[in-house]
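Undergrad: Any chance you could fold what I've pasted below:
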Amino acid sequence: MQQYEEKDYGERIAEIYDDIYTGYEEAMIDRLHELAGDGRALELGIGTGRVALPLIARGVPVTGIDASPNMVAKLRAKPGGEPIEVIMGSFVEFKIEAKFDLVYVVFNTFYSLLTQQEQLRCFHSVAAHLSDHGVFLIEAFVPDLTRFTAGQAVRLGMLESDTVQLDVSQHDPLSQQVTSQHVFLSEKGTRLYPVKLRYVWPSEFDLMAQLSGLELKQRWGSWEKDPFTAQSGKHISIYGRNA
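TA: Residues are numbered from 1 along each chain as shown. Below you'll find the predicted structure:
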């Protein structure tokens, strides 16, 4: 894959993103609303507003950061999307003249930062923008290296009468990076949507938090607050300032 930049995923997939990811868990909005309370929220990777718009509808003011103009254009075109404050750029490092009671990054978007150094710098930026009682919430999958055989994987993502989606991936365990293509095959032709990520183990998240002056407050296995176990496919981790 050619030189991959943080914005590339959003720039390419924006045209079909809302068609693929059509909804959200109501429990997710419930939890985010509870954590934000009467305060302000900051979403890292706001994208098309799939999460921000229903949260705003609950009365929570949301500011967003995103690197993809195409994704933000989709947000702006939606009812209620135009007035949302969006800072264009990377969420590796950012400076906003505000403090937030909730900073959140969901749907594995944190993994779009491709090095440990970038991910740690993000933690530092978040810590600098939290209010005294603010929290940082991350939703991310738990790495499952059994998905790969000889460092590769091909999986069926969607099978319909006129479209087939395949996910083709390569795994580099040294950098903890996965390079993939979402491949869509149809009578109209072939479409490719590249994605690259760096996965993080839960214990590594906790260490990054510690190095940023934060600590783990809660960790769930689902938005319904199910316990996080060794069998959990994802985690929702909440960090706050050290006591």
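Undergrad: In terms of residue numbering, what are the domains of the protein?
TA: Using automatic domain parsing, the domain parsing of the chain gives 8-143+200-241, 145-197.
Undergrad: what about the shortest one, start to end distance?
TA: Translated: domain 145-197. Taking CA to CA, to the nearest Å as the measure, domain 145-197 stretches 14 Å from start to finish.
Undergrad: what is the rounded mean pLDDT of that domain?
TA: Averaged over domain 145-197, pLDDT sits at 94.
Undergrad: so how far is that domain off the chain centroid?
TA: 18 Å (CA atoms, centre = their mean, to the nearest Å).
Undergrad: Give the burial count for residue 180, as a bare number.
TA: Applying other CB atoms under 10 Å, we find 19 residues neighbouring residue 180. In this view, the C-beta of every residue, glycine as well, is placed from N, C-alpha and C.
Undergrad: now do residue 206
TA: Neighbours around residue 206, by other CB under 10 Å: 17.
Undergrad: Tell me the bridge partners for the closest residue to it other than its chain neighbours.
TA: For residue 206, ignoring the flanking residues on the chain, the nearest one in space by CB to CB, 6 or more residues apart in numbering is residue 216 at 5.3 Å. Beta-bridge partners for residue 216, by DSSP bridges, are residue 239.
Undergrad: quick one: residue 216 from residue 177, how far?
TA: Noted for residue 216: a distance of 25 Å to residue 177, by CB to CB, to the nearest Å.
Undergrad: Repeat that for residue 149.
TA: 17 Å.
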